[in-house]
Structures are given as structure tokens and as C-alpha cells.
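Colleague: okay, here's the prediction I keep looking at, along with the sequence it came from:
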Amino acid sequence: MSRRSKPEDSRKSDFEILDHARLQVRDLPSPSPGNTDPEPFADEFDLKTILDKQRIQTIMDDFHSLTGMVTAILDLEGNVLESTGWQDLCTRFHRQHPVTSRNCTESDLALAAGLQPGQYADYHCKNGLRDVVTPLFIRNRHVGNIFTGQFFYDDDEVVEEEFIRRARQHGFDEDEYLAALRRIPRYSRETIAHLMSFLVRMTEHISQIGLKNLELAREIHIRQQAELGWFDSRSKLQAVIRAIPDLVWMKDPDGVYLLCNQRFEQFFGAASSEILGKTDADFLTPEQTEFFRGHDRRAMERGQPTLNIEEVEFASDGHRETLETIKTPLHDEMGRISGVLGIGRDITERLQAEHALRENEARLRDAQRMESIGRLAAGVAHDLNNLLTPIMGYTQIIAEGLAADNTHQESLERIGYATGRARDLVAQLLAFGRRQTMKYRTVDLNEAARNVEKLLVRSLGPNIHLRLALGESLPPVKADQSQIEQVLMNLALNGADAMPQGGQLLIESRVVPTLDAEVESGATGPFVMLAVRDTGQGLDPETQARIFEPFFSTKGNLGMGLGLATVHGIVKQHGGEITVDSEVGRGSSFCVYLPVVTGEVEGEGLPAGEPGECQPEERAEEIAAATILLVEDNEDVRSIAVQVLERKGYDVLQADSGEAALELLDAENPRLDLLVTDMLMPGLSGKDLHERVVGRFPGLPVLFISGFTDLELPLDDEGDRGGHFLAKPFLPADLLSQVKSLLE
């Protein structure tokens with residue numbers, strides 16, 4: 001087999017050169033008959049759908065056994081639908097090496113491109129063999145390609161040296177490779193042409209049969225669908241709607257059930273086979289039957305869907321649901337009413353959600369109202385503090401100037417008592433409005449509870465038994481201890497008032513990792529819980545809903561309604577939560593949750609010079625020589641403060657605003673020992689003023705005064721600078737004590 005073929009140039013006029021490979025397009029000996037009938041369906045079909053792959057494979061296997069010829073049928077996506085007889089030279093060698101395999105792939109791509117019906121391509125592949133392909137058309141649609149190949153024409157001269165070179169180049173076993181080469185068959189060109197014509201006719205015939213069978217199956221299916229009619233459609237509709245989560249049913253104009261789904265079966269507590277053909281009267285009371293039939297008639301009379309809400313009980317298990325039912329009239333082909341379609345949707349959860357939403361909206365409105373009242377209360381309290389400060393100050397100054405037996409002393413004492421009550425009321429307003437200034441420090445709540453116990457022992461009657469159940473080793477919380485003690489006192493006294501005949505009062509403390517789901521809070525745990533529990537009269541739900549409202553009281557004219565509102569305000573200002581659990585006749589439990597300290601607490605430690613501390617008398621002269629800058633926008637408060645300080649010998653510079661104070665310092669350039677300033681003033685605030693002044697007087701101490709503030713106050717020592725706070729209204733002694741402490 002070392003023969004040479006004729007020179008390639010002698011045939012180049014008959015070939016189209018593609019990617020250095022040779023492709024010759026030829027016409028089949030006899031054109032394919034084809035089929036130009038119009039397509040009965042607009043649906044797409046492909047060769048894989050209409051070709052009986054098993055049958056064509058069996059036929060071509062027998063054909064190969066008789067002729068030894070290679071065949072393959074591929075659809076347009078490259079799927080091999082039939083393949084038989086491929087030569088070892090390709091399967092064992094060429095298809096196994098990446099280079100020669102790529103040559104095969106390129107051959108396939110080249111052979112499959114650009115052929116018309118009745119043509120076939122004669123291709124001399126890069127691996128040295130002959131391949132032939134012809135397109136397969138069914139009803140003028142190109143659906144696939146038919147291949148043969150891996151042969152030599154009988155007039156081809158095969159040069160074995162070229163194949164030996166290829167074997168060596170790609171590492172093939174030369175002996176086995178040449179043996180496979182010598183098994184390659186030879187055919188005449190006429191034989192190949194007849195072979196391709198045969199393959200096309202046979203494949204077309206089998207494909208036409210498959211297509212006809214497909215069309216016939218579709219036509220039979222359509223006829224069956226039409227013959228099933230209304231009752232068959234109803235059956236299919238029943239199968240579809242059985243899984244719908246809503247109740248679905250259909251009745252004729254007389255109320256006879258025509259279909260229903262599984263959910264409706266649960267309503268009647270019966271299978272659909274027991275329901276169809278019957279009416280509501282077979283399952284419901286006369287009243288229920290008339291109710292449902294009335295809605296059926298209304299929908300049919302109006303000729304349009306109707307909607308109604310109804311609460312029903314399911315016979316299957318007795319549970320109740322609220323249904324939103326839509327009943328739609330049905331019409332036949334003549335437009336006449338043929339029945340009614342009902343769909344019932346369970347809206348129980350939706351109604352509950354809407355109810356919860358309304359409650360939340362109501363709580364939001366209450367919260368907004370509380371916030372508005374709180375702002376109003378805080379504003380009123382601020383103004384009252386400014387009024388009470390000069391009243392208390394001048395009252396004390398007048399009292400100090402009168403003899404002990406003066407007849408006006410009793411009047412002044414009554415004024416002092418009244419202003420003290422007014423100060424307490426203002427403190428409650430500020431606590432309710434969450435506007436009072438807190439002195440935060442790390443607090444042991446057990447210590448606060450024990451302090452309150454000492455006070456309660458003297459306040460509670462003999463018929464009330466007080467008990468403490470305090471958890472061990474409680475973590476500290478960030479709190480104003482006096483305010484927390486006020487919370488406990490208010491809750492305890494409130495519980496005592498609920499037990500006029502006596503009872504048990506318990507103060508409990510323990511650690512709670514997280515809050516219950518119903519407790520709305522943005523804070524994260526853990527928390528320390530303080531609970532005050534009583535065995536008193538208890539509260540009904542309506543009272544519980546309003547228990548923390550300001551000016552709401554269960555004590556009639558005996559209460560102002562600020563106690564629990566104050567408690568609520570203090571707890572909220574500490575970033576905590578408070579809940580109430582009560583039942584009429586079984587007592588009440590108020591639980592306060594305060595977050596555990598997780599870092600360094602600001603404002604820890606009481607300011608030096610708390611009211612009541614005494615300073616050494618021998619240093620009075622040294623202190624009296626000090627110069628104080630007093631800044632206060634309220635004239636009455638400023639006047640009494642100046643008078644108190646000057647009476648003690650201090651040199652006082654006064655200004656009614658932060659800007660005026662800076663101008664005063666620029667004009668007089670005094671020696672300054674202390675700054676006393678209101679926190680909230682029009683324009684420059686007290687805190688900002690202090691920052692400006694301390695830049696000119698390093699280490700200058702400051703005393704902030706205010707009726708309320710939402711700002712963080714620097715209550716701790718910060719380097720050489722000290723910051724302390726004095727709440728309005730204050731007595732002259734309170735002001736002097738703080739001033740002396742700071743000047744030291």
C-alpha cells in the first residue's frame with residue numbers, strides 16, 4: 001500500500017479549499033423526493049423527536065454487517081442519533097490524540113456547513129481519510145446530517161510513509177496503526193454516491209413516518225380533549241383546584257354542588273363524592289343554609305361577584321375560621337346564569353394582624369402623646385425651677401435675718417414647706433418627661449433595695465409583711481441610685497395601697513439573660529431585674545393598659561397619677577424596661593429590667609461638696625477672696641445667686657448669656673477662680689462656654705446649674721478641670737457648699 005495518488009493540482013478546480021482541507025460538493029445521483037406539504041402545526045420539531053432511534057440503529061447495524069460501510073446520523077445540535085462501523089484507525093488512534101482529534105472535529109464542522117438538499121460533500125480530512133456528508137431535510141426544514149467516511153476511493157493512492165510519519169509524530173504504535181490503516185475499505189465514487197442517496201431516502205422515509213405518527217398522536221389527543229366535553233373539563237378542573245389552599249366550590253342555580261376541593265371537604269367533614277349532587281341543606285342547619293343560599297342568589301341576581309365575611313366552624317375538627325368569601329356568577333355559552341363559583345379565603349391571621357396593627361398604632365399615638373406631654377411637663381418644670389429658686393433663696397435669706405421668736409418665722413416655714421412640695425412635684429414632672437439630670441455611677445441594686453427596706457419598715461403598716469429575695473453577686477448597672485431607690489419606693493408604696501387589709505410585699509432581684517419576646521426593647525442583655533410583687537387587689541386589663549399614663553390614678557381624689565408615670569420615665573431614662581403582670585384578686589408584679597454595665601461608666605462618683613458636707617471654717621477667708629463668673633439668662637435666678645455669693649464675700653462677675661460673658665472677659669481681663677453657668681441658654685450653651693473659657697484659664701473649675709438637660713454632663717474630673725452640677729431649684733446653702741468645694 002505504498003501507492004501514490006494522482007497529483008492533487010489536477011483536481012483543484014473541483015475543490016473548495018477550507019482551512020487547508022479539501023471539500024468537494026457533489027449532487028446525488030437522483031434528487032431526494034423531499035416533501036413540500038405545508039406543516040400542519042406551527043410547533044417546532046426536531047430529528048430527535050421524529051426519528052425512531054432504536055429502529056434506525058438496528059437497520060444500520062444490519063446494513064454494516066452486509067456492506068461494511070460506516071454510517072452516522074446527527075441532529076443539528078451534534079447529538080449522535082445513530083452510529084455504526086467506525087474504523088479502528090479513527091476510534092483507537094485519531095480520536096484519542098488532541099491534535100488528530102481536533103482534525104476530526106474540524107472535519108465535522110466543515111462537512112456540515114453550507115450544503116443544499118440533494119447535495120453531498122466529499123471531504124479529504126487532515127488525518128488522510130475520506131469523509132462524506134449530506135444534509136437531511138424534512139418538509140423543507142434542515143433537521144440533521146448523514147455521514148459516512150473512514151474509507152479510500154478505489155482510485156486513491158495511499159502513501160504509507162505519510163501515515164508512518166503521523167504515527168511517529170503523535171506517538172502511535174506503528175505496527176498496530178499500519179494494521180488499522182490496511183483495514184480501511186475502498187469504494188468507488190459511484191458506490192458512495194448511491195450509498196448517500198440510499199441513506200437519505202431511508203432516513204427521510206423513517207422520519208416521515210415518525211412525523212406522521214407524531215401528528216396523528218396530536219390529532220388524536222385534540223379529538224379526545226374535544227370529546228371529553230364539559231364533564232371531562234370539570235373533572236380536570238377538580239384535580240387542579242384540590243391543592244388550592246382556599247375553599248373552592250361550584251353550584252348550579254339550584255344550589256347543587258358540582259365540584260369542590262379538599263379544603264371544602266374539611267368544612268363539611270365529608271368527601272367530595274358525598275358532597276357532589278347535594279345541597280347545603282344536607283350538611284348545615286336551616287339558618288346556615290339560608291345564609292349561604294342568600295349570598296348565592298345575590299351574586300346571581302346582580303350578575304357580578306359579591307364579597308362577604310363569615311365565621312364558620314369546620315366539621316372535620318371543630319376549629320373556627322373567619323372567611324372572606326367571593327361568589328362569582330357563572331354563565332353558559334348563551335350568556336345565561338349557569339351557577340355560582342365560590343372561593344373562601346381564611347383571613348383569621350390577617351384580621352389578627354390588622355388588630356395588632358391597630359393596637360400598635362394606638363400605642364404609637366399614646367407614646368407620641370406621652371412624649372408631647374413629657375416635653376410640655378419638662379418645659380413647665382424648667383420654668384417652675386427658675387421661679388422656685390429665688391423664692392426658696394429669698395425665703396431662707398429673710399428667715400436668717402429674723403429672730404427665732406419672730407411671728408413671721410412660722411409663715412416663712414410654711415412658704416419653705418410649700419416650695420419643697422412644689423420642688424418634689426417638679427422632680428416628678430422631670431422624671432416623667434425623662435428630662436432630669438442623672439448622676440450615673442456603678443450601682444449595686446441589692447444595696448438600693450436594702451436602703452429602701454430601711455425606709456419602708458417605718459412606712460408600711462403592721463399588717464403588711466415585707467420580704468427581700470435578692471440574688472447573689474449581682475453585676476453592677478449604670479444608674480442614678482437615688483432615682484432607682486425612688487422607683488422602688490413608689491412601686492412598694494403603690495403595692496401597699498393595693499393591700500388595705502394587709503398582705504405580702506416582695507422585692508426580688510436576679511440576673512435575666514434576655515427579655516421576653518413581648519417586651520419591646522432595643523437593649524441587649526444581660527439585665528438585672530428588680531421586681532416588686534404584692535398580693536393585693538390586682539388590676540384588670542383596661543387598667544393595666546393605662547397604668548403608666550400621667551395623671552391616671554386608681555385612687556380617686558387621693559392620687560395625682562404621677563407615681564407610676566414617674567417610675568416609667570426614670571426606667572426609660574436609664575435605658576431599661578418595665579412590665580406589669582396582674583390579675584384581679586391575685587395581686588400585681590412590676591418588673592424593672594436595667595442593662596448590666598459592659599464598659600466604663602461615665603459620671604461615676606458623687607461630686608465633691610454634696611449638700612450637707614461641712615468645709616473647714618479656718619479657710620473661709622482664703623475662699624472668700626475668690627472671683628466667680630456667674631452666667632445665667634434668668635434674671636431672678638441670677639439675682640439671688642449673686643446676692644448669696646456676695647453676702648459670703650465672693651467677688652462676682654455676672655452675665656446674662658455666654659456671648660456677654662466672653663465680652664466681659666475681653667473687656668476686664670479679670671483673675672478668674674470659678675465659672676458658674678446655666679447649662680441651657682439662648683445662643684452659646686453653658687458647656688460650650690466652659691470650653692471657650694477654659695482655653696483662657698487652664699484648670700478652671702466649673703459648676704453647671706440647670707432645671708433639666710438632655711446633654712451629658714462632665715461630672716467626673718477631667719485632668720485639672722473639674723465639672724459639677726447643681727440642680728434647680730437650689731437653696732443658698734446648696735450653692736455655697738458646691739462653690740466652696742470647687743474652690744478648694
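Modeller: Yep, it's here. Residues are numbered from 1 along each chain as shown.
Colleague: return the residues in contact with the residue nearest to L460 when sequence neighbours are not counted.
Modeller: Using CB to CB, 6 or more residues apart in numbering and skipping residues adjacent in sequence, the residue nearest L460 is A496, 5.6 Å away. For the C-beta atoms, the positions are set from N, CA and C on the backbone; glycine is no exception. Contact analysis of A496 by CB atoms under 8 Å, 6 or more residues apart in numbering lists 459-461, 464, 505, 534.
Colleague: so which of those residues belong to strands?
Modeller: The strands, defined by DSSP state E, take in 464, 505, 534 from the contacts of A496.
Colleague: would you map the strands across the stretch 301-450 of the chain?
Modeller: Taking DSSP state E, counting those that start in this stretch as the test, the strands found in the stretch 301-450 of the chain are 306-313, 320-331, 337-346, 441-443.
Colleague: what's the answer for the stretch 601-744 of the chain, then?
Modeller: 627-631, 651-655, 674-678, 702-706, 723-727.
Colleague: now do the second one: everything it contacts.
Modeller: Applying CB under 8 Å, 6+ apart, the external contacts of strand 651-655 come out as 625-632, 638, 642, 645-646, 661, 663-664, 668, 670, 672.
Colleague: list only those of those residues flagged as buried.
Modeller: Neighbour counting with 16 or more other CB atoms under 10 Å marks 626, 628-632, 638, 642, 645, 661, 664, 672 as buried within the contacts of strand 651-655.
Colleague: I'd like those written out as JSON lines, with pLDDT added.
Modeller: Formatted as JSON lines, the buried ones among the contacts of strand 651-655 follow (pLDDT from 0 to 100):
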{"residue": "A626", "pLDDT": "90"}
{"residue": "I628", "pLDDT": "93"}
{"residue": "L629", "pLDDT": "93"}
{"residue": "L630", "pLDDT": "93"}
{"residue": "V631", "pLDDT": "94"}
{"residue": "E632", "pLDDT": "91"}
{"residue": "R638", "pLDDT": "90"}
{"residue": "V642", "pLDDT": "91"}
{"residue": "L645", "pLDDT": "92"}
{"residue": "A661", "pLDDT": "91"}
{"residue": "L664", "pLDDT": "91"}
{"residue": "L672", "pLDDT": "92"}
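Colleague: what's the neighbour count on L468?
Modeller: 14 (other CB atoms under 10 Å).
Colleague: what residues does it make contact with?
Modeller: 449-450, 453, 506-508.
Colleague: please check those and keep the buried ones.
Modeller: 449, 453, 506-508.
Colleague: nearest to T71, of those residues?
Modeller: Nearest to T71 among the buried ones among the contacts of L468 is E508, at 92.9 Å by CB to CB.
Colleague: any idea how far the strand or helix carrying that closest one is from the middle of the chain?
Modeller: Using DSSP states H and E, the element containing E508 is strand 503-512. Here the centre of strand 503-512 is set off from its chain's centre by 37 Å, with CA atoms, centre = their mean, to the nearest Å.
Colleague: likewise stretch 638-656?
Modeller: 59 Å.
Colleague: kindly report the same for stretch 180-190.
Modeller: On CA atoms, centre = their mean, the centre of stretch 180-190 falls 73 Å from that of its chain.
Colleague: would you mark the buried spots in it?
Modeller: 180-181, 184, 187.
Colleague: identify the residues contacting H319.
Modeller: Taking CB under 8 Å, 6+ apart as the test, what H319 contacts is E313.
Colleague: equivalent analysis for D296, please.
Modeller: 251, 255, 327, 340, 342.
Colleague: between strand 320-331 and whichever strand or helix holds it, find me the angle.
Modeller: For D296, the enclosing helix or strand under DSSP H and E is helix 286-302. Helix 286-302 runs at 40 degrees relative to strand 320-331, counting by axes from the mean of the first three to the mean of the last three CA atoms, to 10 degrees.
Colleague: P513 contacts G525, correct?
Modeller: Yes: the pair P513 / G525 is scored as a contact, 5.0 Å apart, by CB atoms under 8 Å.
Colleague: with neighbour numbers in mind, choose between these two.
Modeller: Counted by other CB under 10 Å, P513 and G525 do not tie: G525 has more neighbours, with 13 against 7.
Colleague: and the residue nearest to the more buried one when sequence neighbours are not counted, which of the three is it?
Modeller: Once flanking residues are discounted, G525 sits nearest to T514: 4.3 Å by CB to CB, 6+ apart. When classified by DSSP: H, G, I helix; E, B strand; the rest coil, T514 comes out as coil.
Colleague: what distance do you get for T514 to F527?
Modeller: Here T514 is placed at a distance of 8 Å from F527 (CB to CB, to the nearest Å).
Colleague: comparing these two, which residue is more hemmed in?
Modeller: A count of neighbours by other CB under 10 Å puts F527 above the other of T514 and F527, at 25 against 13.
Colleague: right, and that one touches R510 too?
Modeller: No: using CB under 8 Å, F527 makes no contact with R510, being 9.7 Å away.
Colleague: which residues touch V80?
Modeller: 72-74.
Colleague: could you rerun that using 6 Å?
Modeller: Going by CB atoms under 6 Å, 6 or more residues apart in numbering, V80 touches L74.
Colleague: confidence-wise, which helix or strand of the chain is lowest on average?
Modeller: strand 16-18 (a mean of 33; mean pLDDT, DSSP states H and E).
Colleague: roughly how far does T67 sit from L726?
Modeller: On the measure of CB to CB, T67 and L726 end up 117 Å apart.
Colleague: who has more neighbours, these two?
Modeller: Neighbours were counted for T67 and for L726 using other CB under 10 Å; L726 has more, 20 against 15.
Colleague: so the more buried one versus A626, what's the distance?
Modeller: L726 is 17 Å from A626, by CB to CB.
Colleague: got the residue ranges for the helices in the stretch 551-700 of the chain?
Modeller: 563-573, 620-624, 635-647, 658-668, 686-696 (DSSP state H, counting those that start in this stretch).
Colleague: of these, which shows the lowest average pLDDT?
Modeller: Comparing mean pLDDT across the helices of the stretch 551-700 of the chain, the weakest is helix 620-624, with a mean of 43.
Colleague: where does the stretch 251-400 of the chain have low pLDDT?
Modeller: For the stretch 251-400 of the chain, residues meeting the criterion pLDDT under 70 lie at 366-367, 369-379, 381-382.
Colleague: just give me the neighbour total for the nearest residue to D383 once chain neighbours are set aside.
Modeller: With CB to CB, 6+ apart as the criterion, D383 has its nearest non-adjacent residue at 7.8 Å, and that residue is G707. Per other CB under 10 Å, the neighbour tally for G707 reads 28.
Colleague: distance of G707 relative to D678?
Modeller: 9 Å.
Colleague: same thing with G575?
Modeller: G575 is 27 Å from D678, by CB to CB.
Colleague: and whatever helix or strand H142 lives in, which residues are buried?
Modeller: Secondary structure from DSSP H and E places H142 in strand 141-153. Of all the residues in strand 141-153, those buried under the rule 16+ other CB under 10 Å are 143-153.
Colleague: now the residue nearest to L323 when sequence neighbours are not counted: how far from I326?
Modeller: Take L323 and drop its neighbours on the chain: the residue closest to it by CB to CB, 6+ apart is G344, 4.1 Å away. Going from G344 to I326 by CB to CB gives 8 Å.
Colleague: between those two, who's got more neighbours?
Modeller: G344 (22 against 16).
Colleague: can I assume that one is in contact with E324?
Modeller: No: if you go by CB atoms under 6 Å, G344 and E324 don't touch, sitting 7.2 Å apart.
Colleague: pick out whichever of the buried residues of strand 141-153 sits closest to E354.
Modeller: Of all the buried residues of strand 141-153, V143 has the smallest distance to E354: 60.4 Å, by CB to CB.
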